[in-house]
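*Asks:* What follows is a predicted protein model with its sequence.
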Amino acid sequence: MSFKEKLSGFALVNIVLVWGFYFTRLAQLSAEGTLTADRSLWLLIGCIVVLLIGYIIGAIAAARSGPQSDILVRDEREQAIALKASNAAFMILGAVLGGLSGFAYVYSVKHPDLLGNEPLSTAALVAVNGVVLALAVAEAVRHLVSIVLSRRIG
């Protein structure tokens, strides 16, 4: 298993765990009626910090588990895999953002009181978390495609 493949594996696990926790916690806070912009912001910042720490630990573990030359060299096969994985992630990003936009429109038509007393705050909270979800799914897909192609090709 190459360095890039190990790094993608660590990143995929990290993304699923951190963002899975984030959106589960957001759903819990929302169900309890205690979700606020401030709580969401601090939860988001905390998850980003944990995500970065996880990436650093994963990169160190992947680097220590193989030859140093594997880290520095990027051959044509790895470039093709990275390009295909990025293309898949970009398509998923567009699809998720488009789907969320459509859902938001349909939901707002059926529930015009969605935004409540502070429409800007609620709308920003929903929009930011929609973008975070789309980016998290796209990154997970990018790493998953990278791993699958590395296994299949190499």
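*Replies:* Noted; the coordinates are in hand.
*Asks:* Remind me which helix or strand A104 belongs to.
*Replies:* Following DSSP states H and E, one finds A104 within helix 76-110.
*Asks:* Geometrically speaking, which residue is the centre of this protein?
*Replies:* The centre of the chain sits closest to A136, judged by CA atoms, centre = their mean, with a distance of 1.3 Å.
*Asks:* so that residue touches N14, yeah?
*Replies:* No: counting by CB atoms under 8 Å, A136 does not reach N14; the two are 10.6 Å apart. For every residue, glycine as well, the C-beta is placed using N, CA and C.
*Asks:* Could you measure from S8 over to I60?
*Replies:* 15 Å (CB to CB, to the nearest Å).
*Asks:* Tell me the buried residues in the helix or strand encompassing I56?
*Replies:* Using DSSP H and E, I56 sits within helix 37-64. Judged by neighbour count (16 or more other CB atoms under 10 Å), helix 37-64 contains these buried residues: 40, 43, 47, 51, 54-55, 58-59, 62.
*Asks:* can you put these in CSV and add distance to R142 and pLDDT?
*Replies:* Listed next are those as CSV, based on distance: CB to CB, whole Å; pLDDT from 0 to 100:
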residue, distance to R142, pLDDT
S40, 25, 83
L43, 24, 90
C47, 19, 92
L51, 15, 92
G54, 16, 92
Y55, 14, 90
G58, 15, 89
A59, 16, 87
A62, 16, 84
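*Asks:* Max pairwise distance over those residues: which two?
*Replies:* S40 and A62 (31.9 Å; CB to CB).
*Asks:* Leaving out the residues flanking it, which one is nearest to I57?
*Replies:* F10 (7.7 Å; CB to CB, 6 or more residues apart in numbering).
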